[in-house]
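S.K.: Sequence and predicted structure, then a few things I'm wondering about:
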Amino acid sequence: MRNGKMNRALLPLLLDGTPPALEQMLRQEGVPVRGVGESGVPARFVLFDGRRGPSRPLTADQTPIEIRGLDGGTLAEALDLFESPRAMESARHTWDIGGFRVAEEVATIDRRGLRRHVLAVLRDALERVGGRWLNISAYPFPYHSLFTFRIDYDNYDAEDLSNVLRAVEGHEHATTHFISGAAYDGRHDALRRFDGLDVASHGYWHHTYRTARENHDNIERGIEVLRRAGLNPSGHASPHGRYNEGLRRAMERLGITHSSEFSLARDDWPFFPDGGQVLQIPIHPICLGLFLDAARTAEAFGGSHSADPTTRFRDNPAARLRAVAAARRHFLAVAKRNYAAGEPIVLYGHPCGRLGRHDELLRDIFATVAEMKAVWRTTFSRLNRWWRARQGIQLAVHAEGDHLVIRSQGLPERWKPAVELWRGRHLARLPLQGPTLRIQRGALAYENRASAEGLHPVRIDSGHGLRGRVARWLDWEKVTPIDEISTETMRGKAKRLLRRLKG
C-alpha cells in the first residue's frame with residue numbers, strides 16, 4: 001500500500017474486450033497480459049475497445065487506455081486488418097535482388113510490420129501515462145537472435161541428398177528436415193540417414209488441399225512413412241507454403257505441434273494462429289530455387305516458368321552461377337541484418353537440383369552464422385518447446401521507489417529466460433535467475449537496437465480469367481494420382497473427371 005492506496009502492478013496489462021489480435025500480438029512480443037476478469041495481481045493499466053462499450057468500472061488508481069482512438073485510429077485499422085479475411089489471403093509477390101526478379105506466393109499482409117506499428121503506438125500511449133514497456137525476450141539468455149535452416153525434401157535424388165547431408169555435418173543442431181512421404185516411400189536406406197536429425201512432415205503428395213479431410217489423410221500418410229523408418233516427426237510444413245482453414249483443422253486433429261507456412265506469415269517471430277495449439281514458425285520465403293527459376297526464365301528458357309527445377313542448366317551455366325552468387329549475397333545479408341536487429345534468422349531451401357548441386361551455399365551460411373557469438377542455433381522442435389515454455393511464464397512488475405521489482409512464476413528449468421526493458425530504440429536485457437528480480441532503473445546499461453528493414457516485395461496480381469478462376473475453384477493440381485482424388489465434394493468429382501479427360 002502507498003498513502004493508503006494499493007501499489008498496483010505496472011504489468012501485466014489488463015485486456016477488457018479488446019480484439020483477439022491484440023492479445024496475440026502482445027503475447028508474441030512477450031508483454032505480460034491477462035484478461036480483466038482473470039485472477040492475478042492487481043494491475044494498473046486497462047486496455048479497452050471503445051467500440052464495444054466503456055470499460056468496466058475502475059478504481060481511482062487504475063488507468064484506462066482506449067485503443068480505438070490511438071494514433072488517429074491507425075492502431076484500430078491495423079487490428080481490423082489482422083482479423084479480416086485478408087489475413088488468410090496470399091498472392092504472388094516479386095523481389096528484385098542482385099539483378100534477378102524472384103517470385104513467390106506469400107501472405108498479402110505484412111504481419112510483422114503491422115504488429116510493430118500497433119505495439120509502437122501502444123507503447124507510446126502507455127509511457128505517456130506513466131507505464132513501462134517490458135517483455136520476455138524471444139530467445140533464452142544470453143542470446144539475442146536465433147538461427148535455423150529448414151530443408152524441404154520434395155523429391156529424391158541420391159547424389160543431392162548425400163551432398164546436403166555432408167554439408168549439414170557439424171550443424172545438425174541448427175537444421176530441420178521436412179520430408180515428403182511420396183518421394184521417400186520405400187526408400188528405407190535413405191530415410192535411415194535422417195536418424196538423429198530433427199525430422200518433420202512435408203505431407204505425402206506434394207500438395208496442400210482445400211479440405212480438412214484431404215489434408216488430414218495426406219499428412220497422416222506422410223507421417224506413417226517416416227514412422228515406419230523409425231523416425232518420429234512432430235512438426236509439419238505444407239507444400240508450396242500454403243495455409244488455409246482446412247490445413248489448420250487437419251493439423252489440430254493430428255496433434256501437430258508446429259508448422260511453417262509463408263502464405264500465412266514470413267520473417268516474423270512464432271505465434272499461435274487463431275488461439276490454436278499449432279505453433280506457426282515463419283521463415284524467410286526466398287530460397288535458392290527462386291533465383292534459379294528467375295535465371296532460367298530470363299536467360300535459359302525464353303520466358304517459360306514451366307522448366308523442371310532439377311535442370312542442371314546445361315544450356316546456360318553462366319546464368320546458373322550468377323543466380324547462385326546472387327542468392328549467396330542475399331542470404332548472408334539477411335543473416336547479418338537480422339542478427340544486428342535481434343530478429344530470427346530462419347532460412348530454407350531444397351536439395352534436389354538446388355542445394356544438392358550447390359552445397360557450398362549451405363556451408364557459407366553455416367560459416368557466417370558460426371561467427372555470430374550471441375545467436376542461438378536451434379531446430380524447429382527445440383524452438384517449439386522453448387516458445388511454449390516462454391508462453392507459460394507469468395510476470396508482475398511493480399515500481400518501488402527507484403527500483404523495478406519483477407516477480408515471476410512458471411520459469412522453465414531447461415532454459416534461462418530474460419526480460420527486455422525499453423527506452424526509445426534502446427533496450428536493457430537481464431536474465432531471470434529467480435522468482436524475484438530487483439532493478440535499479442538508473443543503473444541499467446542499454447544497447448542500441450538496429451532496424452531490420454529489408455527488401456519489400458511487390459504484389460503482382462495477374463488476371464486469372466475464367467480458366468484461372470475455374471482452376472482455383474477446382475484446387476487444380478497434377479500431383480495426386482487420379483484414383484486417389486477425393487470425390488466427397490463436387491470439387492473433387494469435377495477435378496477427377498477433368499484429370500481423366502486431360503490424361
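M.R.: Great, that's in hand. Numbers count the residues shown, from 1 in each chain.
S.K.: measure V225 to G401 for me?
M.R.: 62 Å (Cβ to Cβ, to the nearest Å). Backbone N, C-alpha and C define where each C-beta goes, glycine included.
S.K.: next one: L79
M.R.: The value you get for L79 to G401, if Cβ to Cβ is used, is 36 Å.
S.K.: More neighbours: the two, which one.
M.R.: Counted by other Cβ atoms under 10 Å, L79 and G401 do not tie: L79 has more neighbours, with 21 against 8.
S.K.: May I see the buried residues of whatever helix or strand that one lives in?
M.R.: In this assignment (DSSP states H and E), L79 forms part of helix 74-82. Buried positions in helix 74-82, judged by neighbour count with 16 or more other Cβ atoms under 10 Å: L75, A76, A78, L79, F82.
S.K.: Following the chain onward from that helix, which element is next?
M.R.: Following helix 74-82 in sequence order, the next helix or strand is strand 90-97 (DSSP H and E).
S.K.: I'd guessed F147 sits against R382; true?
M.R.: No: at 12.0 Å, F147 does not count as touching R382 under the criterion of Cβ atoms under 8 Å.
S.K.: Neighbour count for the two, which is higher?
M.R.: In this comparison of F147 against R382, neighbours counted by other Cβ under 10 Å, the higher total goes to F147 at 25 against 20.
S.K.: before we move on, what SS does the more buried one have?
M.R.: strand (DSSP: H, G, I helix; E, B strand; the rest coil).
S.K.: Show me the shaky parts of the stretch 301-450 of the chain.
M.R.: For the stretch 301-450 of the chain, applying pLDDT under 70 flags the ranges 301-315.
S.K.: the strands in it, which residues?
M.R.: Listed in chain order, the strands of the stretch 301-450 of the chain (DSSP state E, counting those that start in this stretch) span 345-349, 375-377, 394-400, 403-409, 418-423, 426-431, 436-440, 447-448.
S.K.: Go through those strands and name the closest to P32.
M.R.: strand 394-400 (4.4 Å; Cβ to Cβ).
S.K.: in the closest one, what counts as buried?
M.R.: Q394, L395, A396, V397, H398, A399.
S.K.: Give me the angle between it and strand 403-409.
M.R.: Interaxial angle, strand 394-400 versus strand 403-409 (axes from the mean of the first three to the mean of the last three Cα atoms, to 10 degrees): 160 degrees.
S.K.: and strand 394-400, what other elements does it pack with?
M.R.: Contacts defined by 3 or more Cβ pairs under 8 Å, 6 or more residues apart in numbering; DSSP states H and E place strand 394-400 against strand 134-136, strand 403-409.
S.K.: tell me the domain boundaries of this structure?
M.R.: Residue ranges for the domains of the chain, per automatic domain parsing: 13-136+392-448, 145-384, 466-502.
S.K.: Now do the end-to-end distance for the first one.
M.R.: Start to finish, the residues bounding domain 13-136+392-448 are 26 Å apart (Cα to Cα, to the nearest Å).
S.K.: and what of the last one?
M.R.: Terminal residues of domain 466-502 are spaced 18 Å apart (Cα to Cα).
S.K.: can you check the longest one too?
M.R.: Separation of the first and last residues of domain 145-384 by Cα to Cα is 15 Å.
S.K.: chain center to it: distance?
M.R.: Computed by Cα atoms, centre = their mean, to the nearest Å, the chain-centroid distance of domain 145-384 equals 13 Å.
S.K.: Low-confidence regions, the stretch 1-150 of the chain specifically.
M.R.: Within the stretch 1-150 of the chain, the stretches with pLDDT under 70 are 1-5, 54.
S.K.: Which of the domains of the chain sits closest to R459?
M.R.: Evaluated with Cβ to Cβ, those place domain 13-136+392-448 nearest to R459, the distance being 5.3 Å.
S.K.: quick one: H206 and S180, what's the gap?
M.R.: In terms of Cβ to Cβ, H206 sits 5 Å off from S180.
S.K.: One more: L70?
M.R.: Taken as Cβ to Cβ, the span from L70 to S180 is 46 Å.
S.K.: quick one, which of the two is more surrounded?
M.R.: Ranked by neighbour count (other Cβ under 10 Å), L70 and S180 place S180 first, with 23 against 17.
S.K.: Quick check: closest non-adjacent residue to the more buried one.
M.R.: H202 (4.4 Å; Cβ to Cβ, 6 or more residues apart in numbering).
S.K.: Contacts only, for the one you found.
M.R.: For H202, the contact set (Cβ atoms under 8 Å, 6 or more residues apart in numbering) comprises D152, Y153, D154, F178, I179, S180, G181, G222, H236, A237, P239.
S.K.: ok, now with 6 Å
M.R.: D152, F178, I179, S180, A237 (Cβ atoms under 6 Å, 6 or more residues apart in numbering).
S.K.: Including distance to W415 and pLDDT, could these go into CSV?
M.R.: Formatted as CSV, these follow (distance: Cβ to Cβ, whole Å; pLDDT from 0 to 100):
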residue, distance to W415, pLDDT
D152, 28, 98
F178, 25, 98
I179, 28, 98
S180, 32, 98
A237, 24, 98
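S.K.: So which of those sit within strands?
M.R.: Taking DSSP state E, the ones among these that sit in strands are D152, F178, I179.
S.K.: Between these, which sits nearest P32?
M.R.: Within the ones in strands among the contacts of H202, proximity to P32 (Cβ to Cβ) peaks at F178, which comes in at 33.8 Å.
S.K.: What sits closest to that closest one if chain neighbours are left out?
M.R.: Per Cβ to Cβ, 6+ apart, closest to F178 is H202, 4.1 Å.
S.K.: measure that neighbour to S486 for me?
M.R.: H202 sits 20 Å away from S486, going by Cβ to Cβ.
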